[in-house]
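>>> Provide a 3D model corresponding to the input given below.
(chains A and B)
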There are 2 protein chains.
Amino acid sequence: MKARASARWWCSDPVSTLSEISAQKCFGGWLKRYQHRSQVLDCDMIFGVFLPPQAKSQPVPALWWLSGLTCTDENFMIKSGAQQRAAELGLAIICPDTSPRGTDLPGEHDTYDFGSGAGFYVNATEQPWAGHYQMYDYVTKELPALVNEQLPVTGEASISGHSMGGHGALICALKNPGAYRSVSAFAPICHPASAPWGIKAFSAYLGEDRNTWAEWDASQLVHHAEEQLPILIDQGDEDEWLGEQLKPGALEQACIATHHPLDLRIREGYDHSYFFVASFLGEHLEHHARALGLIPGNQG
Amino acid sequence: MKARASARWWCSDPVSTLSEISAQKCFGGWLKRYQHRSQVLDCDMIFGVFLPPQAKSQPVPALWWLSGLTCTDENFMIKSGAQQRAAELGLAIICPDTSPRGTDLPGEHDTYDFGSGAGFYVNATEQPWAGHYQMYDYVTKELPALVNEQLPVTGEASISGHSMGGHGALICALKNPGAYRSVSAFAPICHPASAPWGIKAFSAYLGEDRNTWAEWDASQLVHHAEEQLPILIDQGDEDEWLGEQLKPGALEQACIATHHPLDLRIREGYDHSYFFVASFLGEHLEHHARALGLIPGNQG
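Numbering: from 1, shown residues only, chains lettered A, B, ... in the order given. Below you'll find the model as predicted:
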């Protein structure tokens, strides 16, 4: 129980205020979208939250969901069907956006796999991106601080995501020992430093010195993880991006080499879409709910 | 069991061929989209089908879903989360489009509530609409004949829908005694002859003589129904269209006057969106599954 956070939910004068822009009832809970000024991204941002019915009476733990290329905060909430099971479990879901917005940097909106909608959850060091594209700090520090202060959540968190966001979930967990109770991913980009999407993004955000990329690549970070949080991954074998972009084999090899627990499940016939995510999301929600103490059983 | 239809599934030369344009695995079943030439609409049409895993081995009954204003065949499949329960139940779901497509009639694309995306599931009698806007014949005759012949369904059917499509489901059931095992609707336009959306559409499609509208208005058709198929309706009390456009009270009064069984459930706090539909869709799927003999229990 976190009385302070709960109290702040209706307090209108915190330092950085979350402005509620919509609220829709869903499975007895509420899907809400909030706008706020992000200091680390230097722009206004919107994110989505599903608050289960249990959050009316007490703070609840949260699953952070990081979405993939081209998405906003809305795709997961519209397409995943997550709310039913989250409402049953008493689990909040928080969906950040996938990049800074409203910045209009040169070339930012030209391609689907770079710039807007494609922040890759890294902290950019190169211009003109470094002034805004600090998505890692946004999703691991600034936004959790705001959410934990102003919404009815306990601060206990797990993290998951899809594709670019699946990789984001992996690096957030690997780089922040103790921050998350559990981590999972759907069809993540497992080794962006060797995949076209990742090379394009990292070259621009992080520069051409590939030594600096290692701290943003899950398959390399596994070698230096301070905490061996088990990784759960679902991957469709008919995913059109599997061979060229996602490369789960690279992560699997790194996990074998480092004895990092990995449950990589190849799903026959499934593609890269949210129809695939929805099909196995219930199992992931239960995985996270176990780790967060919402249902009994060993994590795994 | 319907061996003929099952056999035709892999036969490539029926009179009007369904052309599969996509197939995505979902909850062990398949979401497929088909294109075909519609004779009654005089244009090419696309519709979506969810085939549960059970359809691999034998034909299954189907729920027909009619969508609302601005929708295509895709909205329900993307937003409703229906596939999980349908896969468990062994229920196919068939989503027709909401209007003729590719016809480019004068003014057809000018407003969201008329023309494309807004066929209202009636047979137009007025020009220039009558040559294409025969959506009632399309969803009750032509498309069922094609689906029953070429897909692994038994021909046993129920029907539901949302908003304009909720009304569509009601009139399809009321005008076709024996054709559907059950009917339900989410936030239907209950009395279009007295609502702005309905008046706009009926005036253009059916002409200014309002006597002709009665055979396309659920609240009037109830008075002449040959079969008293129970009607299940869920309606959110925070629905922005409730008072002006939907008017469930008109249908309720007609059902009371005619002793037509109606279960109208007002849901506190819910709006008109698919988040509302998703929240109660499981109950509707079970209602239809009972009527179709997929699960035990009385219909209702």
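>>> around chain B, pick out the residues from the stretch 151-300 of chain A.
A:236, A:238, A:269, A:270, A:271, A:273, A:274, A:275, A:276, A:278, A:279, A:282 (Cβ under 8 Å from any Cβ of the partner chain). All C-beta spots, glycine's among them, are computed from the backbone N, C-alpha and C.
>>> what helices and strands are in contact with the host helix or strand of residue A:169?
Using DSSP states H and E, residue A:169 maps to helix A:164-175. Helix A:164-175 sits against strand A:60-66, helix A:135-137, strand A:153-161, strand A:183-186, helix A:218-221, strand A:231-236, with contacts defined as 3 or more Cβ pairs under 8 Å, 6 or more residues apart in numbering or on different chains; DSSP states H and E.
>>> using CSV, please lay out the residues of the stretch 151-300 of chain A next to chain B together with secondary structure.
Listed next are these as CSV, based on DSSP: H, G, I helix; E, B strand; the rest coil:
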residue, secondary structure
A:236, strand
A:238, coil
A:269, coil
A:270, coil
A:271, coil
A:273, coil
A:274, helix
A:275, helix
A:276, helix
A:278, helix
A:279, helix
A:282, helix
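>>> which pair of the residues you listed spans the longest distance?
A:238 and A:282 (20.6 Å; Cβ to Cβ).
>>> looking at those two, which one has more neighbours?
Per other Cβ atoms under 10 Å in any protein chain shown, whichever of residue A:238 and residue A:282 has more neighbours is residue A:282, with 18 against 15.
>>> what's the nearest residue to the more buried one if we skip its chain neighbours?
Spatial nearest neighbour of residue A:282, chain neighbours left out: residue A:85 (5.1 Å); criterion: Cβ to Cβ, 6 or more residues apart in numbering or on different chains.
>>> most packed of the helices and strands packed on helix A:164-175?
strand A:183-186 (a mean of 29; mean count of other Cβ atoms under 10 Å in any protein chain shown).
>>> before we move on, back to that, where does the residue nearest to residue A:282 sit, in terms of helix or strand?
With DSSP H and E as the test, residue A:85 turns up in helix A:82-89.
>>> what is that helix packed up against?
strand A:29-38, strand A:43-51, strand A:92-95, helix A:274-291, helix B:274-291.
>>> just the mean pLDDT for that helix, thanks.
For helix A:82-89, mean pLDDT rounds to 98.
>>> next: stretch A:160-178.
Here stretch A:160-178 scores 98 as its mean pLDDT.
>>> just give me the neighbour total for the nearest residue to residue A:278 once chain neighbours are set aside.
Distances taken as Cβ to Cβ, 6+ apart place residue A:81 nearest to residue A:278, at 4.9 Å, with adjacent residues excluded. Residue A:81 has 27 neighbouring residues, counting by other Cβ under 10 Å.
>>> for residue A:81, what are its contacts?
Residue A:81 makes contact with A:278, A:281, B:81, B:84, B:278, according to Cβ atoms under 8 Å, 6 or more residues apart in numbering or on different chains.
>>> that older thread, how far does the helix holding residue A:169 sit from its chain's centre?
How far helix A:164-175 lies from its chain's middle: 7 Å, per Cα atoms, centre = their mean, to the nearest Å.
>>> can you give me the angle it makes with strand A:153-161?
120 degrees (axes from the mean of the first three to the mean of the last three Cα atoms, to 10 degrees).
>>> nearest spatial neighbour of residue A:292, chain-adjacent residues omitted?
Nearest non-adjacent residue to residue A:292 (Cβ to Cβ, 6+ apart): residue A:61, at 4.2 Å.
>>> pretty sure the one you found contacts residue A:295?
No - contact criterion Cβ atoms under 8 Å: residue A:61 and residue A:295 do not qualify, at 11.5 Å.
>>> name the nearest residue to residue A:45, sequence neighbours excluded.
residue A:38 (4.7 Å).
>>> list the contacts of that neighbour.
By Cβ under 8 Å, 6+ apart, the neighbours of residue A:38 are A:44, A:45, A:100, A:138, A:142, A:143.
>>> quick one: the fifth one is in a strand?
No - remark: residue A:142 does not belong to a strand; assigned using three-state DSSP, it is helix.
>>> any idea how far residue A:54 is from the closest residue to it other than its chain neighbours?
Once flanking residues are discounted, residue A:142 sits nearest to residue A:40: 4.9 Å by Cβ to Cβ, 6+ apart. Using Cβ to Cβ, to the nearest Å, we find residue A:40 at a distance of 31 Å from residue A:54.
>>> and what of residue A:27?
According to Cβ to Cβ, residue A:27 stands 12 Å off from residue A:54.
>>> between those two, who's got more neighbours?
Higher neighbour count among residue A:27 and residue A:54: residue A:27, with 24 against 20, using other Cβ under 10 Å.
>>> what sits closest to the more buried one if chain neighbours are left out?
residue A:87 (3.9 Å).
>>> next: residue A:178.
In space, and not counting its chain neighbours, residue A:178 is closest to residue A:227: 6.5 Å by Cβ to Cβ, 6+ apart.
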